[in-house]
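[1] For reference, the sequence and a predicted model appear below.
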Amino acid sequence: MAGDSSRHHHATPTRRRLIRGGAAAVGTAGFAGQASALGEEAGHTTDDTLATGDREVRAIYTMPKWYWDGQTVESSRLKMTQFLNRAEETGLNTIYAWIESDGLASLLGEPAYAQSPKYDFWNPDRGWDPLGELIAGAARRGIEVHLWYPFVRYKRSILPVPEFNPDLEVLPPGDPGWAALSKSQYEAGHDDSTDIDANALCANNSAARAWTLETLARAFDRYPMLSGLHIEEPGYLDAERCVCPRCRTHYADVYDDDPENYVDHVYDTREPYFEDDLALPVKNHGTDAFAEALYDWWTSSQSTDALSYNGAWLPEFDAVRGRNWPTWSEEGWLPYYAPQIYTQEVGVYRDRLKATMEALTGTVVVPVTGLRWGTEATARNDVATVADQVELVRSMDGYADIVTGGTGLFLGSALTPEMTVGLRAGPYTQSASPHWSDGSNEQSSRDATLAALREQEPFAFTSHWPEDVPLRSTMGGDGSVETSDGGRVDMSGITETV
């Protein structure tokens, strides 16, 4: 296979891996229920407990615009404070804060965005900097904030997307020609992306990649207390993108074929998912370049912080979108990877986590457990299942010689008081610093007892802490929780306010 896209597939890959905190094990634990049995099946003992001071990622994914875009700064700030209190009370140490390019445009002072009614709650003129206050408030609680950023920005806004807006004053100008063209749009008569509704970048455009890196650099200059960068599913919005002229030309260069034939190898909903891989060199060309450039920038300018990505648990699922996880892992560009494993079955979780670990041999794995996901009301996990999945991750440490660095929880709005109580009384009883930390940024409530936590103020979202809530406690139909002595504690008065 010829062409520039194959240059990273060496017989002996360059090892420039940067794993902050090294490959130290985060510890194993004695687990209740299924997690214990699954750990023993994997060949791990479960006699030890997680030692005080061991490092482990305990992250929560949150989308600030969904949380604190209230009518007033006061109400927004209150919602943020309540969320931070709940995160600390749970024993979490990392927040992945979702910010799209339109939000960054406002935060960095781009007038069209900062002064728009759509983004007025980001407007510094109101004395309200939600990202800055989130970072500062989290730091007071010993919690890190990482910028959770979607490289191709596939969530839309009513304003021109910054990447495609040529008239920006503060950010580097964009170009409508950077947009990705889908196979469906091409078949509908659009030859390029200049006359379509631009809603995703084409990663094969070097200017678009450079725009992203420059904008991220400005964001980290503006918010130096950010502790990391978490890239959301880089690559293409869907499997049928992109077939713009630059992508068709690159196909012709790789295969010495008619550029129009490239369209025949791009997936759509009518074709089998894995049968045709001829489009992959084109899909990976720009995303490989982005991953390498991002890693080089990160290690030269932000080397004390953590760089991570999230995506599918099986790399083949993401390959047609240009998410070339195995190569990035081999090259050392993927220090931390968060596979999204959303399931109610602990056994299924184990099998999917094993598949990720077997595929990514040069990366610390920090899987994402679903509190709530998708659009179905049933797409959620109860407290006991989440606790078992967290502890299953611990039991898998060292499988296939891969380090597990902890667990992320999706999504912040599903971090209910019941979940907080169950996690803090179960797998997160003892506090821990993130896996990449040197241990100096410990939580302010480190190893706090439930009695001590009850005395802290303000915890407006919980009316009380039940005594001795066991790991496997179950919620009754009356809203009560079973305690270790067989009794029940009424939790019906606990309501979610965030």
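    Nice, I can see it.

[2] alpha carbons only for contacts and neighbour counts from here, please
    Noted.

[3] per-residue pLDDT, E260?
    E260 carries a pLDDT score of 95 in this model.

[4] Could you find the closest non-adjacent residue to it?
    R248 (6.4 Å; Cα to Cα, 6 or more residues apart in numbering).

[5] Might you report the residue contacts of that neighbour?
    P259, E260, Y262, V263 (Cα atoms under 8 Å, 6 or more residues apart in numbering).

[6] Buried ones only from these, please, as a PyMOL command.
    Buried subset of those, written as a PyMOL selection, criterion 16 or more other Cα atoms under 10 Å:
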select buried, resi 259+262+263
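
[7] Which pair in the contacts of R248 has the greatest spatial separation?
    Using Cα to Cα, those reach their maximum pairwise distance at P259 and V263, which is 8.3 Å.

[8] what's around P130, how many residues?
    Using other Cα atoms under 10 Å, P130 has 22 other residues around it.

[9] quick one, phi psi at the residue nearest to it when sequence neighbours are not counted?
    Closest residue to P130 apart from its sequence neighbours, by Cα to Cα, 6+ apart: W122 at 6.7 Å. Main-chain torsions, W122, degrees, to the nearest 10: phi -90, psi -10.

[10] The one 4 residues further on too?
    Here is the backbone geometry of R126 (degrees, to the nearest 10): phi -80, psi 0.

[11] which ones are touching it?
    Contacts of R126 (Cα under 8 Å, 6+ apart): V73.

[12] Which of the three states applies to D54?
    Judged by DSSP: H, G, I helix; E, B strand; the rest coil, the three-state class of D54 is coil.

[13] likewise G374?
    With three-state DSSP as the criterion, G374 reads coil.

[14] what's around it, how many residues?
    Neighbours around G374, by other Cα under 10 Å: 10.

[15] right, and the secondary structure at the spatially most central residue of the chain would be what?
    The chain has N310 as the residue nearest its centroid, 5.0 Å off, counting by Cα atoms, centre = their mean. Secondary structure state of N310, per three-state DSSP, is strand.

[16] my read: it touches Q340, true?
    Yes. Assessed by Cα atoms under 8 Å, N310 is found in contact with Q340 at 7.0 Å.

[17] if we can go back for a sec, quick one: contacts for the residue nearest to P130?
    G103, S106, L107, A114, W128, D129, P130.

[18] quick one: which of those is nearest to T416?
    Among the contacts of W122, and counting by Cα to Cα, the member closest to T416 is P130, at 22.0 Å.

[19] Quick check: the closest one vs A239, distance?
    34 Å (Cα to Cα, to the nearest Å).

[20] Could you list the low-pLDDT ranges of the stretch 101-250 of the chain?
    Counting by pLDDT under 70, the stretch 101-250 of the chain has low-confidence residues at 156.

[21] Would you map the strands across it?
    144-150, 228-232 (DSSP state E, counting those that start in this stretch).

[22] which of the ones you listed sits most buried?
    strand 144-150 (a mean of 24; mean count of other Cα atoms under 10 Å).

[23] Partner strands of it and their direction?
    strand 94-98 (parallel), strand 228-232 (parallel) (DSSP bridges).

[24] So for E418, which of those sits nearest?
    strand 94-98 (19.3 Å).

[25] CA atoms only: put stretch 349-361 into PDB for me.
    Output of stretch 349-361 as PDB, limited to C-alpha atoms (Å, rounded to 0.1, in the frame of the first residue of the first chain):
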ATOM      1  CA  TYR A 349     -18.000  -5.300  30.400                       C
ATOM      2  CA  ARG A 350     -15.200  -7.600  31.200                       C
ATOM      3  CA  ASP A 351     -15.100  -9.100  27.700                       C
ATOM      4  CA  ARG A 352     -15.100  -5.700  26.000                       C
ATOM      5  CA  LEU A 353     -12.400  -4.300  28.300                       C
ATOM      6  CA  LYS A 354     -10.300  -7.300  27.500                       C
ATOM      7  CA  ALA A 355     -10.700  -6.600  23.800                       C
ATOM      8  CA  THR A 356      -9.500  -3.000  24.200                       C
ATOM      9  CA  MET A 357      -6.500  -4.100  26.300                       C
ATOM     10  CA  GLU A 358      -5.400  -6.700  23.900                       C
ATOM     11  CA  ALA A 359      -5.500  -4.200  21.000                       C
ATOM     12  CA  LEU A 360      -3.700  -1.300  22.600                       C
ATOM     13  CA  THR A 361      -0.300  -2.500  23.800                       C
END
